[in-house]
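Visitor: Please find the sequence and the predicted model below.
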Amino acid sequence: DLDLFLSDGRGELVAYAELAEYNEFLYLSRVSEPALGSGRFTLEVVYQYDRPPTADGRELTEIPYRLLVETVRLEPLATLRPGRQVTGRLLPENAMTALYRITVPETADHLRLDISETDADVDLFLFHGDVPADPFMADHLAQTLRSSESIVINRSSSPPLQTGTYYLLVMDQMTLEHEASFRLSVSDARDAPSHLRTTPSLPEVSSDLDRVLLATVEVLAGSGGGGSGCLLSASGIVLTNWHVVRADNGSADPDITIGLSLDHTRPPAELFRAEVIEHSEELDLALLRITGNRYGRPLESRLELPYIELRNDATAIGDELKFVGYPGIGGTGSRASITYTTGVVAGFQQTTYGYEIKTGAEINSGCSGGAALDRAFRLVGVPTSIVGEESGKLAFVVPVTAIPASWMRHLR
């Protein structure tokens, strides 16, 4: 059982691996924690037990081993000009990264880069001239929880668009094990390409379960927040938790994306933009309105979305509950598909605004703002918080009876 210790040029420990396994490994990248730096390193291979190692009943005076060191050095996969689209794959053996060279002509006033058609949380890092070792030294970057990232710059941007060569690094920072495909579009227009501006048809709803699976949406905020939400009207009113859409400065996030589960075997499709129209810090609730397609363009027709009916009467201990949402642990890649679990009303907790419902159902981070449903698939409330994750846990649900009466006018 040999262990690994990696030190930098100053002799300070950078990383180590000392699990009770025979084949240890270390992995560092420019975005890992700790991050890979440039320079000289010292790697120690150590046998740490007090007793001598044995093999076939005899003590050993030396331990043979094989040490494998691999580095991934990025080279541009292609040189692209505005008007080009390419498909690519992020692979574990390439550290889930892909590099492209982009040529900007003198006639271009804009450079727009769009990632689409991927199930992964893909981020973009754009550099003018050379590629620095640290991706976060990029001139422009797009890294949120969304899969459909975009970078748009012009001659007035900071730093401004320049004629010549750029390098674009496409990266999945969340997983190293699950390859992901994507489409990259490069254009010299301000608006998204036409193939990204169309909204796909929604699947037909044939049961109450179909309806709530489609009406429980993913809510992603540009500041890095994420969770679930519930459609309450055909016109696109969404109920979620305030902490899901609250920006770092304490106000409503201005950049909110809504995703629908069109294929339950895959992460949701990011289809719409939304804005906060009501919120309550005390209740930890927010009401959103869908305002346009994913890229902010007005919708071409009136929305006719499936929605969840509210249950306004009280629940009792032991009542059956069904939960729908997008927990972060609901997928092995960097994004998760929709998840359905069941439980019961385990009890109640008094609060300043009434009560919260307790449940022992399987609810995890990412389910915030999702659907807690009764047997008839009516909305009882939204999961808001989890306590005791280390030793069994309870989740707390804000009931729909806590929604302020004044908010209901938005549902008409």
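Guide: Now that the structure is in, tell me what you want to look at.

Visitor: What segments of the stretch 101-250 of the chain are helices?
Guide: Listed in chain order, the helices of the stretch 101-250 of the chain (DSSP state H, counting those that start in this stretch) span 208-215, 242-245.

Visitor: Turn those into CSV, including mean pLDDT and distance to residue 83.
Guide: For the C-beta atoms, the positions are set from N, CA and C on the backbone; glycine is no exception. Listed next are the helices of the stretch 101-250 of the chain as CSV, based on pLDDT from 0 to 100; distance: least, CB to CB, whole Å:
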stretch, mean pLDDT, distance to residue 83
helix 208-215, 97, 36
helix 242-245, 95, 36
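
Visitor: quick one: which of the ones you listed is nearest residue 95?
Guide: Smallest distance to residue 95 across the helices of the stretch 101-250 of the chain (CB to CB): 30.8 Å, for helix 242-245.

Visitor: continuing past the closest one, what's the next helix or strand?
Guide: Using DSSP states H and E, the helix or strand that follows helix 242-245 in sequence is strand 256-260.

Visitor: highest average neighbour count across the helices of the stretch 101-250 of the chain?
Guide: Highest mean neighbour count among those (mean count of other CB atoms under 10 Å): helix 242-245, with a mean of 24.

Visitor: so what does it touch, helix or strand wise?
Guide: Other elements packing on helix 242-245 under the criterion 3 or more CB pairs under 8 Å, 6 or more residues apart in numbering; DSSP states H and E are strand 216-221, strand 226-231, strand 269-280, strand 285-293.

Visitor: Dump those into CSV; add mean neighbour count, distance to residue 378 and mean pLDDT as well.
Guide: CSV is the format used below for the helices and strands packed on helix 242-245 (neighbours: other CB atoms under 10 Å; distance: least, CB to CB, whole Å; pLDDT from 0 to 100):
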stretch, mean neighbour count, distance to residue 378, mean pLDDT
strand 216-221, 29, 13, 96
strand 226-231, 28, 11, 95
strand 269-280, 19, 21, 96
strand 285-293, 22, 18, 96
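
Visitor: which one of those lies closest to residue 180?
Guide: Closest to residue 180 of the helices and strands packed on helix 242-245 is strand 269-280 (CB to CB; 15.1 Å).

Visitor: name the helices or strands packed onto that closest one?
Guide: strand 216-221, helix 242-245, strand 256-260, strand 285-293.

Visitor: Show me how far that strand is from its chain's centre.
Guide: Distance, stretch centre to chain centre, for strand 269-280: 16 Å (CA atoms, centre = their mean, to the nearest Å).

Visitor: cool, stretch 230-244 as well?
Guide: Here stretch 230-244 shows a centroid-to-chain-centroid distance of 19 Å under the convention CA atoms, centre = their mean.

Visitor: And for stretch 181-190?
Guide: Taking CA atoms, centre = their mean, one finds the center of stretch 181-190 at 20 Å from the center of the full chain.

Visitor: Which positions in it come out as buried?
Guide: Within stretch 181-190, the residues scored as buried using 16 or more other CB atoms under 10 Å are 182, 184-188.

Visitor: now do stretch 369-387
Guide: Buried residues in stretch 369-387, counting neighbours by 16+ other CB under 10 Å, are found at 369-374, 377-384.

Visitor: So which residue is dead centre in the protein?
Guide: When CA atoms, centre = their mean is applied to the chain, the residue found nearest the centroid is residue 145 (3.2 Å).

Visitor: show me the residues around that one that make contact.
Guide: 121, 220, 224-226, 335 (CB atoms under 8 Å, 6 or more residues apart in numbering).

Visitor: for residue 344, same thing?
Guide: Contacts for residue 344 (CB under 8 Å, 6+ apart) come out as 317-321, 359-361.

Visitor: Right, I'll leave it there.
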